[in-house]
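Novice: Any chance you can model this:
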Amino acid sequence: MSSRVEDKILSYVSRETYEKYKLYMQLIENWNRQTSLIQIDTLANFMERHILDSLQLLSIMDISKNTIDIGTGAGFPGMVLAIAGVKKITLCDSNRRKTVFLHEIQRELKVDVNIVCSRVESLSPCHFEQVITRACSELSTLLEHTLYVSRETLEKPILVALKGKSYQSEIETAQKKFNFNYEKFNSMTDRNSVILKIGEIVKL
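Specialist: You can find the predicted model right below:
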């Protein structure tokens, strides 16, 4: 890992938290041998590809809101943000092996986070004000999920989604089914990726 990546991570968190991310990586390496948590070729640049990629949401999302990470997998971005000290985050994934791993991370690193093994459509209660997600579903599906998980709150929900190079076509497809406003932020870890912050979501 380059010193540039380390410096960027340390611009978000303390050295103590950085050491927790190193343990996080070790635990993923151990578990990955039996449970496919992440693509094996991303371990070589884990800190940039997974930690820094997740931490960049800190400057975009509203950390005061009740937040759910949909399709969190091995905990990206939600567990990374929770380790950084963000409160009121729920990690949701339907894969039981992955949620068992997340509970192990929670225990080992003493993280204040809620973990749920469920499909989004089966969640209850649904009072989330903000959805965060990475590499989970097409934008239209994410907007549908966002409205679903926020249906018990009076707050207008926000979706913050890390998206790859197909983001523009996903926006155009989603606009056929939803009205919404969005801001686009360039990813600091991948020049072909962006972060979309979406609000005022209304189904047509």
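Novice: residue closest to the middle of the protein?
Specialist: Nearest to the mean C-alpha position of the chain, by C-alpha atoms, centre = their mean, lies residue 77 at 3.0 Å.
Novice: what sits against it?
Specialist: Residues in contact with residue 77, defined by C-beta atoms under 8 Å, 6 or more residues apart in numbering, are 53, 54, 55, 57, 69, 132, 133, 134, 162. (Each C-beta comes from the backbone N, C-alpha and C, glycine too.)
Novice: same deal with residue 109?
Specialist: Here residue 109 is in contact with 20, 23, 24, 83 (C-beta under 8 Å, 6+ apart).
Novice: Neighbours of the last one, how many?
Specialist: Looking back up the chat, that one is residue 83. Applying other C-beta atoms under 10 Å, we find 26 residues neighbouring residue 83.
Novice: Ok, the one 5 residues further on next?
Specialist: Residues near residue 88, counting by other C-beta under 10 Å, number 17.
Novice: gap between it and residue 45?
Specialist: Look at residue 88 and residue 45: by C-beta to C-beta, to the nearest Å, they are 30 Å apart.
Novice: got it, and residue 134?
Specialist: 16 Å.
Novice: Compare neighbour counts for these two and give me the winner.
Specialist: Neighbours per residue, other C-beta under 10 Å: of residue 134 and residue 45, the larger number sits with residue 134, 24 against 14.
Novice: pLDDT score for that one?
Specialist: If you check residue 134, the pLDDT there is 93.
Novice: show me what contacts it?
Specialist: 53, 54, 71, 76, 77, 161, 162.
Novice: phi, psi of the residue lying closest to the last one once chain neighbours are set aside?
Specialist: Just to be clear, that refers to residue 162. Nearest residue to residue 162, sequence neighbours excluded (C-beta to C-beta, 6 or more residues apart in numbering): residue 134, at 4.1 Å. Torsion angles at residue 134 (phi, psi; degrees, to the nearest 10) stand at phi -140, psi 130.
Novice: Then residue 69?
Specialist: According to degrees, to the nearest 10, residue 69 has phi -100, psi 110.
Novice: ok, now residue 96?
Specialist: phi -60, psi -40.
Novice: ok, now residue 120?
Specialist: Dihedral angles (degrees, to the nearest 10) for residue 120: phi -60, psi -40.
Novice: What score does it have for pLDDT?
Specialist: In this prediction residue 120 is given a pLDDT of 95.
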